[in-house]
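Novice: no sequence on this one, just coordinates:
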């Protein structure tokens, strides 16, 4: 089976995917009967490149992270064109890994809609479109016999959604509970060790864990979207984010965090959902 | 899609499966497009029952655990006939969940061969056939376009093999390490709390964790088979059990176990395998 991919957004996720395709080039067709090529890449900063017969994976893997860098590839241009890469490329699957506005889900939501409307499967790591419009997008996909997949939106590469849907298909899942934001967890750990909140956030940013604007990580809204996504994937429930109680770690003081540690406890930002009682929420808990 | 099952061995695993089919009867066809019926059951103690149109799941679920009990079902007999249930039933899938001799893999190994030779898929929870003859059975299955599946042989219902093969298909798995024998782990815990080894084993038996003969659990050979199965499933390596170093918990004294606990450590029976260095083994470790 040969699938052609269009990569929309060429940051860490898409680069890691290209690296896998490059390194597993021989293994995937052999082991999985699956051949993958990349026929289009578009990224707001890097520009766009297209080749219906497949772009050079080595050149993509080594692409410098500089404005317009895709212009250097054959079939490349310094001008991004997400819409063309999605609608007009000969891709079978659109890999959507751009940034997302948590209020509107854009631009990722439009990318997903365009892809499905033009008959292409969608795989996305963007929480926005799934948290805001999973029902619509799933319906659009099913109506055309297409896949709309979003395993990477929760716990990055660690399988949770597919495991629940496939391997645990015979089980009754009663609830879930976990620490699902790495930045908040890192900040709590640093504050426990004596660092100030602000320094811990700055460190998380310089280490590449936190976004330039850490509000979603620290305030809990990133985790809230994950609750909404998991409630749908695991329980088949359509949950509206605004109806889910959510407290991030911003209300905790440095003194509270260190006092807990001194007493052998730790503050953690937990997301949880219990199906039976229909309770869902995000809040810091002393564990 | 409608599949007809033949259940070979009707102990805890097969009964739990019948319970799921009974409770999820409406949900599976709807959610997974999958309809399952049971057309044959054969068990050395309980006898045999067969109905090409599907046996009554409620009657199976409530079957008393008494010799010849299957005779009470319509199409039932007090005489078991595993071979007939496998070869002559109209099943599409043989669910193999009998006991197994760890040296020969029998009778489970023959059950698997019969099933594949008569064109039926095999799902087994029996470690023996997989640890001893996975290569042969997989080849037989592939030659006929049949499935030979054995997720339940390791970690019971917790998905590990399918997760590695499907959800982690793009990953390089460098090794695995874990506590994979519940009986040994239970015994260690009880000895830590002051019980004697013999009493702890007797308690494990009376609670239903340990087999009547606990040698495989305590001596490590149960875990050894799991190492062999995982080495194949996760690394594609054909490992011969006799080539893998294996020490169970029998060499530990009660005093050693309690001394470790007093110092804040615990003895655990670990199975591990590191692909790169090609090391595999089972041994107790102080953690």
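Specialist: That came through fine. These numbers were taken from a predicted model, which means no experiment stands behind them.

Novice: which helices and strands sit right next to the lowest-mean-pLDDT helix or strand in chain A?
Specialist: Counting by mean pLDDT, DSSP states H and E, chain A has its least confident helix or strand at helix A:27-32, which shows a mean of 72. Helices and strands touching helix A:27-32, by 3 or more C-beta pairs under 8 Å, 6 or more residues apart in numbering or on different chains; DSSP states H and E, are strand A:35-43. The way it works is simple: take the backbone N, C-alpha and C, and place the C-beta from them, glycine included.

Novice: partner strands of the strand it packs on, parallel or antiparallel?
Specialist: Note on strand A:35-43: by DSSP bridges, its sheet partners are strand A:2-8 (parallel), strand A:47-50 (antiparallel).

Novice: Mind putting the ones you listed into a markdown table with mean pLDDT and distance to residue A:268?
Specialist: Below are these laid out as a markdown table (pLDDT from 0 to 100; distance: least, C-beta to C-beta, whole Å):
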| stretch | mean pLDDT | distance to residue A:268 |
| --- | --- | --- |
| strand A:2-8 | 96 | 34 |
| strand A:47-50 | 97 | 42 |
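
Novice: Which stretch among the ones you listed is buried most, on average?
Specialist: By mean neighbour count, with neighbours taken as mean count of other C-beta atoms under 10 Å in any protein chain shown, strand A:47-50 ranks first of those at a mean of 25.

Novice: What residues of the helix or strand that it is followed by count as buried?
Specialist: For strand A:47-50, the following helix or strand on the C-terminal side (DSSP states H and E) is helix A:57-61. Residues of helix A:57-61 classed as buried by neighbour count (16 or more other C-beta atoms under 10 Å in any protein chain shown): A:57, A:60.

Novice: Equivalent analysis for stretch A:123-138, please.
Specialist: Neighbour count says stretch A:123-138 has A:123-134, A:137-138 buried, by 16+ other C-beta under 10 Å.

Novice: mind listing what the residue nearest the centre of chain A touches?
Specialist: Closest to where the C-alpha atoms of chain A average out (C-alpha atoms, centre = their mean) is residue A:125, at 2.9 Å. For residue A:125, the contact set (C-beta atoms under 8 Å, 6 or more residues apart in numbering or on different chains) comprises A:13, A:96, A:97, A:150, A:152, A:153, A:156.

Novice: Can you pull the residues of the stretch 1-150 of chain A lying near chain B?
Specialist: A:20, A:24, A:28, A:31, A:32 (C-beta under 8 Å from any C-beta of the partner chain).

Novice: re earlier: the buried residues of stretch A:123-138 into JSON lines, with extra columns for secondary structure?
Specialist: Shown next, in JSON lines, are those (DSSP: H, G, I helix; E, B strand; the rest coil):
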{"residue": "A:123", "secondary structure": "strand"}
{"residue": "A:124", "secondary structure": "strand"}
{"residue": "A:125", "secondary structure": "coil"}
{"residue": "A:126", "secondary structure": "coil"}
{"residue": "A:127", "secondary structure": "helix"}
{"residue": "A:128", "secondary structure": "helix"}
{"residue": "A:129", "secondary structure": "helix"}
{"residue": "A:130", "secondary structure": "helix"}
{"residue": "A:131", "secondary structure": "helix"}
{"residue": "A:132", "secondary structure": "helix"}
{"residue": "A:133", "secondary structure": "helix"}
{"residue": "A:134", "secondary structure": "helix"}
{"residue": "A:137", "secondary structure": "helix"}
{"residue": "A:138", "secondary structure": "helix"}
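
Novice: out of the residues you listed, who's nearest chain B?
Specialist: Nearest to chain B, judged by C-beta to the nearest C-beta, of the buried residues of stretch A:123-138 is residue A:123 at 12.0 Å.

Novice: doesn't residue A:91 make contact with that closest one?
Specialist: No. Here residue A:123 lies out of contact with residue A:91, judged by C-beta atoms under 8 Å, at a distance of 11.3 Å.

Novice: can you pull out the strands in the stretch 51-200 of chain A?
Specialist: Assigned by DSSP state E, counting those that start in this stretch, the stretch 51-200 of chain A shows strands spanning A:76-77, A:93-96, A:121-124, A:148-149, A:175-178.

Novice: The fourth one - contacts with which helices or strands?
Specialist: Judged by 3+ C-beta pairs under 8 Å, 6+ apart, the packing partners of strand A:148-149 are strand A:121-124, helix A:127-143.

Novice: what's next to the shortest one, contact-wise?
Specialist: Outside strand A:121-124, the residues within contact range by C-beta under 8 Å, 6+ apart are A:92-97, A:108, A:111-112, A:115-116, A:130, A:137, A:141, A:146-150, A:152-153.

Novice: How about the last one?
Specialist: Judged by C-beta under 8 Å, 6+ apart, the contacts made with helix A:127-143 from elsewhere in the structure are A:96, A:100-102, A:104-106, A:108-109, A:111-113, A:116-117, A:121-122, A:124, A:146-148, A:150, A:153-154, A:222, A:225-226, A:228-229, A:232, A:238, A:241.

Novice: mean confidence score for it?
Specialist: Averaged across helix A:127-143, pLDDT comes to 94.

Novice: coming back round to it: quick check, nearest of the residues of the stretch 1-150 of chain A next to chain B to chain B?
Specialist: Nearest to chain B among those is residue A:20, at 4.8 Å by C-beta to the nearest C-beta.

Novice: circling back to that earlier point, and the buried ones among the contacts of strand A:121-124, selectable in PyMOL?
Specialist: The following PyMOL line selects those of the contacts of strand A:121-124 that are buried, judged by 16+ other C-beta under 10 Å:
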select buried, chain A and resi 92+93+94+95+96+97+108+111+112+115+116+130+137+141+146+148+149+150+152+153
